[in-house]
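Asks: Give the three-dimensional model of this entry:
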Amino acid sequence: FMRKKKQKSKDRLPPEFKQYFWDVDFKTLSLPKDVHSVLGRVLQFGNIKAVSWIMRHVNSLSIKNFIIESGDRQLDRRSNNFWRLYFNLPASKKPLNPLWPY
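Replies: Next comes the predicted model:
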(Lines give C-alpha, C1' and ligand atoms only; values in the text may rest on other atoms or scores of the structure.)
Protein backbone atom coordinates (compact mmCIF):
# COMPACT_ATOMS: atom_id res chain seq x y z
CA PHE A 1 0.00 0.00 0.00
CA MET A 2 1.50 3.31 -1.15
CA ARG A 3 0.25 6.71 -0.23
CA LYS A 4 -0.28 9.25 -2.92
CA LYS A 5 2.31 11.96 -2.77
CA LYS A 6 0.63 15.29 -2.11
CA GLN A 7 1.54 18.17 -4.35
CA LYS A 8 3.23 21.08 -2.66
CA SER A 9 0.95 24.10 -2.64
CA LYS A 10 3.51 26.20 -4.50
CA ASP A 11 3.56 23.61 -7.33
CA ARG A 12 -0.23 23.60 -7.74
CA LEU A 13 -1.89 25.63 -10.42
CA PRO A 14 -4.58 28.14 -9.46
CA PRO A 15 -8.12 26.67 -9.65
CA GLU A 16 -8.99 29.23 -12.37
CA PHE A 17 -6.55 27.43 -14.69
CA LYS A 18 -8.84 24.40 -14.85
CA GLN A 19 -10.70 26.00 -17.78
CA TYR A 20 -7.52 25.78 -19.88
CA PHE A 21 -7.08 22.05 -19.23
CA TRP A 22 -10.43 20.60 -20.27
CA ASP A 23 -8.82 17.46 -21.68
CA VAL A 24 -6.59 16.34 -18.79
CA ASP A 25 -6.96 15.51 -15.10
CA PHE A 26 -6.32 18.96 -13.66
CA LYS A 27 -5.52 17.64 -10.16
CA THR A 28 -2.45 15.83 -11.48
CA LEU A 29 -0.88 18.92 -13.07
CA SER A 30 1.95 20.80 -11.42
CA LEU A 31 4.02 23.68 -12.68
CA PRO A 32 7.47 22.05 -12.33
CA LYS A 33 6.40 18.79 -13.99
CA ASP A 34 4.13 20.23 -16.71
CA VAL A 35 5.64 23.64 -17.38
CA HIS A 36 5.56 23.27 -21.19
CA SER A 37 1.90 22.26 -21.25
CA VAL A 38 0.99 25.05 -18.86
CA LEU A 39 2.90 27.65 -20.86
CA GLY A 40 1.30 26.49 -24.10
CA ARG A 41 -2.23 26.73 -22.76
CA VAL A 42 -1.84 29.96 -20.80
CA LEU A 43 0.10 31.84 -23.48
CA GLN A 44 -2.54 30.89 -26.03
CA PHE A 45 -5.82 30.95 -24.08
CA GLY A 46 -5.04 32.73 -20.81
CA ASN A 47 -6.57 35.96 -19.64
CA ILE A 48 -4.51 38.78 -18.14
CA LYS A 49 -4.75 37.31 -14.63
CA ALA A 50 -3.48 33.91 -15.81
CA VAL A 51 -0.63 35.45 -17.81
CA SER A 52 0.36 37.61 -14.84
CA TRP A 53 0.48 34.51 -12.64
CA ILE A 54 2.71 32.73 -15.18
CA MET A 55 5.03 35.75 -15.42
CA ARG A 56 5.44 35.68 -11.62
CA HIS A 57 6.05 31.92 -11.36
CA VAL A 58 8.13 31.11 -14.46
CA ASN A 59 11.28 33.04 -15.22
CA SER A 60 11.28 35.02 -18.45
CA LEU A 61 14.23 33.06 -19.89
CA SER A 62 12.21 29.82 -19.62
CA ILE A 63 9.23 31.49 -21.29
CA LYS A 64 11.41 32.84 -24.10
CA ASN A 65 13.01 29.42 -24.64
CA PHE A 66 9.57 27.83 -24.78
CA ILE A 67 8.42 30.33 -27.43
CA ILE A 68 11.56 29.87 -29.54
CA GLU A 69 11.61 26.06 -29.27
CA SER A 70 7.89 25.20 -29.15
CA GLY A 71 5.93 28.30 -30.11
CA ASP A 72 5.57 27.30 -33.77
CA ARG A 73 4.07 23.94 -32.75
CA GLN A 74 2.11 24.72 -29.59
CA LEU A 75 0.77 28.23 -30.19
CA ASP A 76 -1.50 29.49 -32.94
CA ARG A 77 0.04 32.01 -35.34
CA ARG A 78 -1.46 35.07 -33.63
CA SER A 79 -0.35 34.07 -30.11
CA ASN A 80 3.08 32.97 -31.33
CA ASN A 81 3.66 36.29 -33.14
CA PHE A 82 2.36 38.31 -30.19
CA TRP A 83 4.70 36.66 -27.68
CA ARG A 84 7.65 36.90 -30.08
CA LEU A 85 7.03 40.64 -30.39
CA TYR A 86 6.43 41.03 -26.65
CA PHE A 87 9.76 39.40 -25.77
CA ASN A 88 11.60 40.86 -28.79
CA LEU A 89 12.34 37.40 -30.21
CA PRO A 90 13.03 36.46 -33.86
CA ALA A 91 10.01 36.07 -36.10
CA SER A 92 8.45 32.65 -36.58
CA LYS A 93 9.80 30.45 -39.33
CA LYS A 94 6.48 28.62 -39.66
CA PRO A 95 5.41 28.79 -43.31
CA LEU A 96 2.16 30.59 -44.07
CA ASN A 97 -0.64 28.30 -45.18
CA PRO A 98 -2.25 30.03 -48.20
CA LEU A 99 -5.57 28.22 -47.58
CA TRP A 100 -5.83 29.26 -43.92
CA PRO A 101 -3.38 32.08 -43.12
CA TYR A 102 -4.40 32.44 -39.44
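Asks: and the longest helix for the protein?
Replies: When the chain is parsed with DSSP state H, its longest helix is helix 60-74.
Asks: In the chain, mark out all the helices, start to finish.
Replies: 35-45, 48-57, 60-74, 77-86.
Asks: quick one: contacts of the third one?
Replies: Where contact means CB atoms under 8 Å, 6 or more residues apart in numbering, the residues beyond helix 60-74 that reach it are 35-36, 39-40, 43-44, 54-55, 75, 80, 83-84, 87, 89-90, 92-94. From N, CA and C alone the C-beta is placed, and that goes for glycine too.
Asks: Sort out which residues of that helix are buried, please.
Replies: 63-64, 66-67, 71, 74 (16 or more other CB atoms under 10 Å).
Asks: same thing with the last one?
Replies: For helix 77-86, a neighbour-count test (16+ other CB under 10 Å) marks 77, 79-81, 83-84 as buried.
Asks: for the second one, same thing?
Replies: When neighbours are counted by 16+ other CB under 10 Å, the buried residues of helix 48-57 are found to be 50, 53-54.
Asks: Then the first one?
Replies: Buried residues in helix 35-45, counting neighbours by 16+ other CB under 10 Å, are found at 35, 38-44.
Asks: In space, what's closest to the residue nearest to the spatial centre of the chain - neighbours in sequence excluded?
Replies: Using CA atoms, centre = their mean, the residue of the chain that lies closest to the mean C-alpha position is residue 39, 1.3 Å off. Distances taken as CB to CB, 6 or more residues apart in numbering place residue 66 nearest to residue 39, at 4.8 Å, with adjacent residues excluded.
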